[in-house]
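Fold the following and give me the result.
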Amino acid sequence: MALGAAYGHMGRLAEARTQFERAIELDPKLSQAYANLGNVQKLSGDIEGAMSSYRKAIALQPGIADGHYNLSTLQLDMGDLDEAQKSLELALLFRPNYAEAQNNLGDIKLRKGKIEEAVSHFRQALVWNPDLPQAQANLVLALYRLGLYVEGEEVAKKALEARPDDTVVLMNQAMGLISQGKGEAAEAIYRGLIERFPESVEPLVNLGSVLQMERRYDEAADVFRQALTLRGVNAALCLAGLANLRLAQEQPSLAVKELQHAVMLESRHAGMLANLGWAFVQSGDVALGIENIRRATELAPKLAELRSNLVFAAHYDANLTPAQRRKVANDWNESFGDPEDVLPPMPMRTLSENNDRLRIGMVSSDFRTHSVAQCLAPLLQHYDRKRLEITLYSTSGQEDEVTKRFRSQVDMFRQVAPLAPIDLANRIRRDGMDILIDLSWHTGGNKLSMFALRPAPIQVGWLGFFADTGLDAIPFRLSDDIMDPPIESTEKDAGAAHVVYLPSVLCFEPPVDVPEIKPLPALRRHAITFASISRFNRASAATLDAWAQILESVPDSRLIVFSSVDERDTGTFERIRRLFALREIGEERLDIRPRLKLPAFLAALNEEVDVVLDTFPYPGGVSTLHALWMGVPTLTLAGTSSYERAGASIMTHAGMPDFVTNDVKAYVARAVRLATEIDKLAELRDTMRSRLRQSPLFDGAAFARGFEDAVTRLWQVEFDKYIEEARAKSAQQDATD
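Purely as a prediction, here's the structure:
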């Protein structure tokens, strides 16, 4: 045994192994010899042999803490978190002051999203070994993920005083700063690490991500390219980083190329496959995109975010029926809607008539310059604080001037970006929300896994997308009677969310400092100009066929395509031209424009466009509202699903129901007829803005009253049910007694 240990310290592993095996021959019940043999086998790469030796040591001496600990390290390496957790719990049973075991158990809890438990283990590790570097670094990360930034900074400061070059602590500190929206401070840390460790890849990749978050895209691209030159770099991850930049810059075909190269290098990387799929969807190749996302979900069936990507992508596919799209959403619920972490039912509280306000929580990653924020702003500006108490839970580290304004308008604003689902759910339960509203649906940054834990007694979907989430845990959805015409309950799809009706599904805050509406361009041009203003990947084959019929039927008309694609993405523009060429639409009838900044886009609508032609089945939303504010109506086609009727809702509530059609034939006929109604269009344009100000779409005060009434009615109905059920249970218990 002693000779084997000596050889081991000298790095002569083969000779050490021989001595430990000889010791076992002499005394087959010597547990420590098996443990030492396992250590040598592990260092030699004989993982199966090491696991066998550790198990034999434990069988001979169940209380050997090192054996349990060493076995757990192998189980962790193999990704078996549950078995590693069991081994560490046994190690701590026999040696409670085992600091390394406490730290590793905390790490497992951190990976499982049980961050409060993880913090407890890291603190315990530091009780027994105050200077354990791994525990300090992990505690910093865990505290940030709980939103305890001040405490996390104190731990980081103490660790860095002892070890100024502790890269793990520095990296975790930077991640915490990013969660707080402090990108500049995180950037400084990463640049310092790059200067000290120029061959290290991780600081470069993280710096690229920070620069992307700050929309410094060219700088970020240079950083990712620099990372690609380093020895031992994971080229696929760097290419994926470049592709994410392309998508952020609206360059989908360029993103596809980068991701195709990345997937060639890492063919079974689920995240990269999903990103490739989404890049295809953004470029317009929806079927191919969905195929790649499906492959990603098969590789990583436990990643809820990938399945959300599939749900979202399905709503771009014009070939799917509403029932098929609903099934994709319901499949998410089947897989993730019944989580392992079960919280006790959240009781409904009794409100007093004089003092209590209804507590409304809203969860989103878009409390910043974003279309969701534009539709939320009128409510936050006008809601009655005597009736409602609104808390915003921001799941994004990105903040801007809109975020600052929202902070000042609501009762409470919580930055919860780093929180795991279970910890966010517990935070919301402690805050005592009466109604919790999801504003993200299955879009990026959603917290549906948290909603599945049911942290509030009433949970509702709104704004993020006008469709059901599919979650049993979100049984209500805010809508209006155009998007969701009232139907008999017997006609409702099984599992469909119950609709809570607002005066209109949304209210819009128009941009400031926009020019007055100019006269109808057709009066000057003597011919009508149509436009497409939704993202072009929403233009289905049926949409393009309809546009071709319209242009063929209206001589001298033309179509401006506001593509939302960056001008550098020539591949996507070539694809758009090819799609029109296949329908024999000459380029002289087309004007395909790259993505424009909002002022330029609004100016173009004002000066050049007479009528917008909506896409279907996925219509425009905020873009339609922008067009209306510039005096341009949108001809839309109302489908059967709620999200297919967003355009119909907007145009009807704007007072223009005659711009809503119900099938392709009527859509084409109405567009052709509009070309003969130039005087009517001119009159409509002249009075547009004054009429809009009186509509529920732009009257923030009226919308806020309607919202308050709707959520109050919902709460009252559910509270009455709650009391009735409680009385029934009490009566049943009395009868049993």
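
List the contacts of residue 433.
Applying C-beta atoms under 8 Å, 6 or more residues apart in numbering to residue 433 gives the contacts 359-361, 391, 455-456. From N, CA and C alone the C-beta is placed, and that goes for glycine too.

Tell me the pLDDT of it.
The confidence metric pLDDT takes the value 96 at residue 433.

That one: helix or strand, and which one exactly?
Counting by DSSP states H and E, there is no helix or strand that carries residue 433.

And it, how far from residue 15?
Distance of residue 433 to residue 15, computed by C-beta to C-beta, to the nearest Å: 65 Å.

Select the longest helix from the protein.
Taking DSSP state H as the criterion, the chain has its longest helix at helix 700-736.

now residue 342, nearest residue through space, not along the chain?
Spatial nearest neighbour of residue 342, chain neighbours left out: residue 453 (7.9 Å); criterion: C-beta to C-beta, 6 or more residues apart in numbering.

hmm, back to that, in helices only, show me the contacts of residue 433.
Among those, no member falls in helices (DSSP H).

hmm, back to that, buried stuff in the longest helix of the chain?
Using 16 or more other C-beta atoms under 10 Å as the burial criterion, the residues of helix 700-736 that qualify are 700, 702-708, 710-712, 714-715, 718-719, 722.

Give me the mean pLDDT for that helix.
pLDDT averaged over helix 700-736 gives 90.

so what does that helix touch, helix or strand wise?
strand 358-364, helix 371-382, strand 435-438, strand 458-461, strand 498-501 (3 or more C-beta pairs under 8 Å, 6 or more residues apart in numbering; DSSP states H and E).

got these as TSV, with distance to residue 307 and mean neighbour count columns?
Listed next are those as TSV, based on distance: least, C-beta to C-beta, whole Å; neighbours: other C-beta atoms under 10 Å:
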stretch	distance to residue 307	mean neighbour count
strand 358-364	19	25
helix 371-382	22	20
strand 435-438	16	26
strand 458-461	17	25
strand 498-501	24	18
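
I'd like these written out as JSON lines, with distance to residue 77 added.
What follows is those, written out as JSON lines (distance: least, C-beta to C-beta, whole Å):
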{"stretch": "strand 358-364", "distance to residue 77": "36"}
{"stretch": "helix 371-382", "distance to residue 77": "42"}
{"stretch": "strand 435-438", "distance to residue 77": "38"}
{"stretch": "strand 458-461", "distance to residue 77": "39"}
{"stretch": "strand 498-501", "distance to residue 77": "48"}
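
Ok, which of those comes nearest residue 656?
Closest approach to residue 656 among the helices and strands packed on helix 700-736 (C-beta to C-beta): helix 371-382, 19.1 Å.

That closest one vs strand 358-364, what angle?
For helix 371-382 against strand 358-364, the angle between stretch directions is 160 degrees (axes from the mean of the first three to the mean of the last three C-alpha atoms, to 10 degrees).

which residues are in contact with stretch 49-59?
By C-beta under 8 Å, 6+ apart, the list of residues contacting stretch 49-59 reads 31-32, 34-35, 37-39, 41-42, 64, 67-68, 70-71, 74.

The residue nearest to residue 342 contacts residue 421, correct?
Yes: assessed by C-beta atoms under 8 Å, residue 453 is found in contact with residue 421 at 6.2 Å.

shared neighbours of these two, which are they?
By C-beta under 8 Å, 6+ apart, the residues touching both residue 453 and residue 421 are 339, 341.

In ChimeraX, select just the buried ones from the contacts of stretch 49-59.
Selecting only the buried entries of the contacts of stretch 49-59 in ChimeraX, with 16+ other C-beta under 10 Å as the criterion:
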select :31,32,34,35,37,38,39,41,42,64,67,68,70,71,74
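
just curious, which of the contacts of stretch 49-59 is nearest to residue 290?
Nearest member of the contacts of stretch 49-59 to residue 290, counting by C-beta to C-beta, is residue 74, at 39.1 Å.

Could you tell me the model confidence score at residue 36?
If you check residue 36, the pLDDT there is 88.

That one: what secondary structure?
Classification of residue 36 by DSSP: H, G, I helix; E, B strand; the rest coil places it in helix.

ok, back up a step: for the helices and strands packed on helix 700-736, which one sits closest to residue 314?
strand 458-461 (16.7 Å).

Indicate each strand paired with the helix or strand that comes right after that closest one and its parallel or antiparallel sense.
Using DSSP H and E, the next helix or strand after strand 458-461 towards the C-terminus is strand 476-479. Strand 476-479 has its sheet partners listed here by DSSP bridges as strand 458-461 (parallel), strand 498-501 (parallel).

which ones are touching the residue nearest to residue 481 when sequence neighbours are not counted?
Leaving aside its chain neighbours, residue 481 sits nearest to residue 501 (6.0 Å; criterion: C-beta to C-beta, 6+ apart). Each residue near residue 501 by C-beta under 8 Å, 6+ apart is listed here: 479-481, 484, 486, 710.

Tell me where the stretch 501-650 of the chain has strands.
Secondary structure of the stretch 501-650 of the chain (DSSP state E, counting those that start in this stretch): strands located at 529-532, 558-562, 590-593, 611-613, 634-637.

Show me what the fourth one is in contact with.
In this case it means strand 611-613. 528-533, 546-547, 550, 559, 620, 624, 627, 632-635, 671, 674, 681.

Strand partners (parallel or antiparallel) of that strand?
strand 529-532 (parallel), strand 634-637 (parallel).

who touches stretch 656-676?
Residues external to stretch 656-676 that are found in contact with it (C-beta under 8 Å, 6+ apart): 527-528, 530, 542, 545-546, 549-550, 553-554, 557, 610-611, 613, 616, 633-638, 647-648, 651-652, 681, 684.

Which positions in it come out as buried?
Buried, per 16+ other C-beta under 10 Å, within stretch 656-676: 656, 659-661, 667-668, 670-672, 674-675.

if I look at residue 363, how far off is residue 3?
Where residue 3 is concerned, residue 363 sits at a distance of 63 Å (C-beta to C-beta).

re earlier: wait, which of the contacts of stretch 49-59 is closest to residue 114?
Using C-beta to C-beta, those come closest to residue 114 at residue 68, 20.7 Å.

ok, and the closest non-adjacent residue to that closest one?
residue 91 (3.8 Å).

same check, this time on residue 468
Nearest one to residue 468, counting by C-beta to C-beta, 6+ apart, is residue 497 at 4.6 Å.

In strands, which of the buried residues of stretch 656-676 fall?
660-661 (DSSP state E).

Now tabulate the buried residues of stretch 656-676 in a markdown table and tack on distance to residue 726 and pLDDT.
Shown next, in a markdown table, are the buried residues of stretch 656-676 (distance: C-beta to C-beta, whole Å; pLDDT from 0 to 100):
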| residue | distance to residue 726 | pLDDT |
| --- | --- | --- |
| 656 | 48 | 96 |
| 659 | 50 | 97 |
| 660 | 45 | 97 |
| 661 | 49 | 97 |
| 667 | 52 | 98 |
| 668 | 57 | 97 |
| 670 | 54 | 97 |
| 671 | 57 | 97 |
| 672 | 61 | 97 |
| 674 | 58 | 96 |
| 675 | 63 | 95 |
